[in-house]
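Q: next comes the sequence, and after it the predicted model I'd like to discuss.
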Amino acid sequence: MRALQLFGDRDLRLTEVEPPPPPGPGEVRLRIRAVGLNFIDVWGFRGMAFAKRKMPLIVGAEASGEVESVGEGVTGLAVGTRVVPYGALTCGKCRACREGRDNLCEEVGGVMGFHIDGFARELVTLPARLVVPVPDGVEDAEAACAGIAFGTVQHMLFDNAKLEPGESVLVHAGGSGIGTAAIRMAKAIGCTVYTTVGDDEKGAKAAELGADHVVNYRTERFEGEVRRLTKRKGVDVVFEHVGADTWNGSLLCLKRGGRLVTCGSTSGPTTTMNLMQLFQQQYRITGSFGCTLANIAQSLDKMAQGIRPVVDTVYPMADFTEGLERLESRKVFGKILVAL
């Protein structure tokens, strides 16, 4: 079968590999239909010193597919069922897994496509407990955005930041895959959305998505604009994933008692911060990584209700590297997908 394998830093090849074995007890074999690209794919493509993995590695951390065959004892997943697979090989036995906190698994086997072989292949065999059925009305390409992008936003905004209807939220990088999803999810519950973008074209598109206030961070200081627009009160929530370049400005955008939730550090992993400001303003800062199986199901339900992913480009499998390069260049608006 065809697969996309990483042989070294920026050395990605379309290869032929042996198909996975038939599903054993409690397993399903999936035929992958689409793969979503994320910055974790870019990090893996560049080569990350902290990632313990063996080359060659099949890439792809987010996907959609359909059940091709089922193993003994599997119920509720018939052949042909469209599904989204979970992006990490969790144990299913530890306390976190038993409580539905899958992204805090104590014995995780690794992130698919980063530590262990991922989804950019025609067939993959997984435990049946790690797949989520796709509701009617959601296309394969849309479903391929649920495992990381939509699921991450669902976990950040609602599990961690506890965003409520009518509140205000600053969404950084409103043209990114998770930024576009955050704008749509926040607007769907009646929030006032402020967002940052890198150019006016993206700004216009973000406004079309529903953003109430758009700031071009290349021409204006976003923290000054947000404070001006909120009459120096600040916002209830900051959706942060840029990192060092925006961190302290993000804190300045919060109202007293505001909440900042972060899932990324694309501009750098380290910064300094004013601790007096932190406790005097009573900020609440939460780190957020990935999502749970429940978040994926919630995301798919939202898609079925009309909160659709924004798709920038769909590439054929042979052009996966071009998709990574486009994502790395930050010219993207929405999600980049690969069709198998």
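A: On my side now, so go ahead.

Q: and the residue nearest the centre of the chain?
A: With distances taken as CA atoms, centre = their mean, the residue of the chain nearest its centroid is residue 149 (2.5 Å).

Q: what's the spacing between that one and residue 57?
A: From residue 149 across to residue 57, the span is 21 Å (CB to CB, to the nearest Å). Placement of C-beta: from N, CA and C, glycine included.

Q: ok, now residue 44?
A: Noted for residue 44: a distance of 8 Å to residue 57, by CB to CB.

Q: which one's more surrounded, the two?
A: A count of neighbours by other CB atoms under 10 Å puts residue 44 above the other of residue 44 and residue 57, at 25 against 21.

Q: how far does stretch 135-152 sit from its chain's centre?
A: What separates the centre of stretch 135-152 from the centre of its chain is 11 Å, taken as CA atoms, centre = their mean, to the nearest Å.

Q: buried residues in that stretch?
A: 138-152 (16 or more other CB atoms under 10 Å).

Q: what pLDDT, on average, does it get?
A: Mean per-residue pLDDT for stretch 135-152: 97.

Q: using the three-state scheme, assign residue 314.
A: Put simply, residue 314 is strand when judged by DSSP: H, G, I helix; E, B strand; the rest coil.

Q: so what's the closest residue to it other than its chain neighbours up against?
A: Nearest non-adjacent residue to residue 314, counting by CB to CB, 6 or more residues apart in numbering: residue 337, 4.7 Å away. By CB atoms under 8 Å, 6 or more residues apart in numbering, the residues touching residue 337 are 34-37, 141, 144-145, 311, 313-315, 323.

Q: residue 86 too?
A: Going by CB under 8 Å, 6+ apart, residue 86 touches 102, 126, 130-132, 147, 293, 296.

Q: can you add secondary structure and give those back as TSV?
A: Converted to TSV, these look like this (three-state DSSP):
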residue	secondary structure
102	helix
126	strand
130	helix
131	strand
132	strand
147	helix
293	helix
296	helix
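
Q: quick one: which of these is most hemmed in?
A: Counting neighbours by other CB under 10 Å, residue 147 leads the contacts of residue 86 with 31 neighbours.

Q: right, and it touches residue 296 too?
A: Yes. Using CB atoms under 8 Å, residue 147 is in contact with residue 296, at 5.9 Å.
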